[in-house]
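**Q** Any chance you can model this:
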Amino acid sequence: TVLDACGNSAFASQEITVVDQTKPQFTFVPADLTAECDAVPALETPTVTDNCAAQPVLTYMGETRIAGACPDSYTLVRRWTVSDNCGNTASASQTVVVQDTKSPVFLFVPADATVNCESIPGISAPTVSDNCDQDIAVSISTQLVTNGNCSSGGMLIRRWTAIDNCGNTAVAEQYLTVQDTTRPVFTLIPADATVSCSAIPSVETPEAADNCSLDVLITYDGEVRTDGPCADTYTLRRRWTVKDVCGNSETAQQVITVRDVLAPSFTNVQANAVVSCDAVPAVGMPTATDNCDVAVEITFVGETRVDGTCPDTYILRRNWVATDNCGNSASTEQIITVRDISPPVFTNVPASLTSSCAAVPAVGTPTATDNCDGAVTIVFDGETKTNGSCPGNYTLRRQWTATDNCGNAVSTEQIITVQDNTPPAFS
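**A** The predicted model follows:
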């Protein structure tokens, strides 16, 4: 407000608009780091500041776990958000890479010892711990090492391997010095057997035990064949040797008597058939297999003919015998029923024609053939006259029948049309 000397006054004002568009700032954020799985750092609190707000609001948004290559290797991402009283926000994060690089630790391992082979102590379980994994996988392997002088002892090594869930491993061993002078004993030997030549059992593996050795070596020494009276009748003697790690050994034997008592079996025999007398198939050759003989001998014994009601109707019985190399044999038969049901066929018949009444041809002789009969019988059945418009005009039907030796017959005819087209002549 302003006044002059006479008391006159005037008024003026200024308006200032204040805005906050600046985000708060983090002045401290926990640093990214890599830590062992048993030393993950606790959650820290960042510090923040704002250009206007005296106490910006800091909010922890939580952490996200990103799985790694194994359960105890992963990444933690921790996030915070800060806002001022005008809604300006900023965010920050910390990345913690968690890893497991420490191997398990054996706390107890059975002690080394020198023992008699009959009193090898049982396997005791070691104890093991890990910095992170509460369920450690422990496996065991054993190894028997002879020193070249088994009477003075060998070495049984028990080896335990501990693996945590990130693949870190630790190994512990126990050494037992043992002695062994007793032969192993077969506890199971394949039984002697009598079998067919097509059912020879495969070589089995016996079982054996030893007073000391955890592992015995069973060796198949092969089989010896003693031939019998034929190729597929013989005896097999199979032999095994068992040794323990100190060289003590024992043998066992199985005797297999092989026989061939099964006849061959026909696999392809010409099928029984009903055929026409002009299509009798040639003698075929069946095939046969045998349970043992790969080259079965097949012999055609011959065929027997059984006559039927006429010369070209009959039955053929063809027989074969298959014999293996031990004299076992089987026979088979093919039955062919031969029939003649086809009539003869005329091959030359006097042609039908038109003739003058003065030149009617004489009765001709047709010819005929048959599929089986080489001497077809042809009979002239006569002729039939049909009168026409006058005595000199008529029709003659001449008929013949051809019959084979099984009674199959066929007929044919010749038609002669007779005409009188010639006028009388004055003599």
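
**Q** Need the residues that contact the host helix or strand of residue 141.
**A** For residue 141, the host element (DSSP states H and E) is strand 137-146. Outside strand 137-146, the residues that touch it by CB atoms under 8 Å, 6 or more residues apart in numbering are 123, 125-126, 128, 154-164, 213-215, 245-247. C-beta here means a position set from N, CA and C on the backbone, and glycine is covered the same way.

**Q** and residue 119, backbone torsions?
**A** The phi/psi pair for residue 119 (degrees, to the nearest 10) reads phi -130, psi 40.

**Q** any idea how far it lies from residue 400?
**A** 117 Å (CB to CB, to the nearest Å).

**Q** Check residue 33 too.
**A** Going from residue 33 to residue 400 by CB to CB gives 124 Å.

**Q** again, but for residue 385
**A** 17 Å.

**Q** and the residue most central in space within the chain, helix, strand or coil?
**A** With distances taken as CA atoms, centre = their mean, residue 202 lies nearest the centre of the chain, 22.7 Å away. For residue 202, the assignment made with DSSP: H, G, I helix; E, B strand; the rest coil gives coil.

**Q** picking that back up, quick one: which of residue 33 and residue 400 has more around it?
**A** More crowded of residue 33 and residue 400, by other CB atoms under 10 Å: residue 400, with 22 against 12.

**Q** so which strand or helix has the more buried one?
**A** Using DSSP H and E, residue 400 falls within strand 394-403.

**Q** list the helices and strands that strand packs on?
**A** Packing partners of strand 394-403 (3 or more CB pairs under 8 Å, 6 or more residues apart in numbering; DSSP states H and E): strand 377-387, strand 409-419.

**Q** Tell me the strands beside that strand, with direction?
**A** Strand 394-403 pairs in its sheet with strand 377-387 (antiparallel), strand 409-419 (antiparallel), by DSSP bridges.

**Q** Can you mark which positions in it are buried?
**A** With burial defined by 16 or more other CB atoms under 10 Å, the residues of strand 394-403 counted as buried are 394, 395, 396, 398, 400, 401, 402, 403.

**Q** Contacts made by it with the rest, please.
**A** Residues from elsewhere that reach strand 394-403 (CB under 8 Å, 6+ apart): 343-344, 346, 349-350, 360, 363, 366, 368, 370, 376-388, 409-418.

**Q** Now list the buried members of those.
**A** Using 16+ other CB under 10 Å as the burial test, the contacts of strand 394-403 include 343-344, 346, 349-350, 366, 368, 370, 376, 410, 412-414, 416, 418 as buried.

**Q** which intervals of the stretch 251-400 of the chain have sub-threshold pLDDT?
**A** Along the stretch 251-400 of the chain, no part satisfies pLDDT under 70.

**Q** Tell me where it has strands.
**A** 265-268, 273-276, 287-289, 297-310, 313-323, 329-339, 345-348, 353-356, 367-369, 377-387, 394-403 (DSSP state E, counting those that start in this stretch).

**Q** got a markdown table for those, with distance to residue 251 too?
**A** Formatted as a markdown table, the strands of the stretch 251-400 of the chain follow (distance: least, CB to CB, whole Å):
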| stretch | distance to residue 251 |
| --- | --- |
| strand 265-268 | 40 |
| strand 273-276 | 62 |
| strand 287-289 | 39 |
| strand 297-310 | 42 |
| strand 313-323 | 41 |
| strand 329-339 | 42 |
| strand 345-348 | 85 |
| strand 353-356 | 107 |
| strand 367-369 | 84 |
| strand 377-387 | 89 |
| strand 394-403 | 88 |
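
**Q** Out of these, which is closest to residue 28?
**A** Closest approach to residue 28 among the strands of the stretch 251-400 of the chain (CB to CB): strand 287-289, 92.1 Å.

**Q** which of the residues in the closest one are buried?
**A** Buried residues in strand 287-289, counted by 16+ other CB under 10 Å: residue 288.

**Q** Please name every helix or strand in contact with that strand.
**A** strand 265-268.

**Q** so what's the residue nearest to residue 180 when sequence neighbours are not counted up against?
**A** Once flanking residues are discounted, residue 180 sits nearest to residue 212: 3.7 Å by CB to CB, 6 or more residues apart in numbering. Contact analysis of residue 212 by CB under 8 Å, 6+ apart lists 117, 118, 120, 178, 179, 180, 182, 244, 246.

**Q** and the end-to-end length of stretch 159-174?
**A** 7 Å (CA to CA, to the nearest Å).

**Q** And it, how far out from the chain middle?
**A** Distance, stretch centre to chain centre, for stretch 159-174: 40 Å (CA atoms, centre = their mean, to the nearest Å).

**Q** With stretch 275-293 instead?
**A** On CA atoms, centre = their mean, the centre of stretch 275-293 falls 35 Å from that of its chain.

**Q** now stretch 252-262
**A** Distance, centroid of stretch 252-262 to centroid of chain: 33 Å (CA atoms, centre = their mean).

**Q** Could you do stretch 103-110 as well?
**A** Relative to its parent chain, stretch 103-110 has a centroid offset of 48 Å by CA atoms, centre = their mean.

**Q** which residues are contacting it?
**A** So stretch 103-110 is contacted by 121, 123-124, 126-130, 133, 136, 158, 160, 162-164, 168-170, 172-174 (CB under 8 Å, 6+ apart).

**Q** From those, list just the buried residues.
**A** Neighbour-count burial (16+ other CB under 10 Å) applied to the contacts of stretch 103-110 gives 126, 128, 130, 133, 136, 158, 160, 162-164, 168, 170, 172, 174.

**Q** between these, which is nearest residue 195?
**A** residue 158 (44.4 Å).

**Q** Can you report how many residues lie near the closest residue to residue 221 other than its chain neighbours?
**A** For residue 221, ignoring the flanking residues on the chain, the nearest one in space by CB to CB, 6+ apart is residue 239 at 4.3 Å. Here the number of neighbours of residue 239 (other CB under 10 Å) works out to 14.
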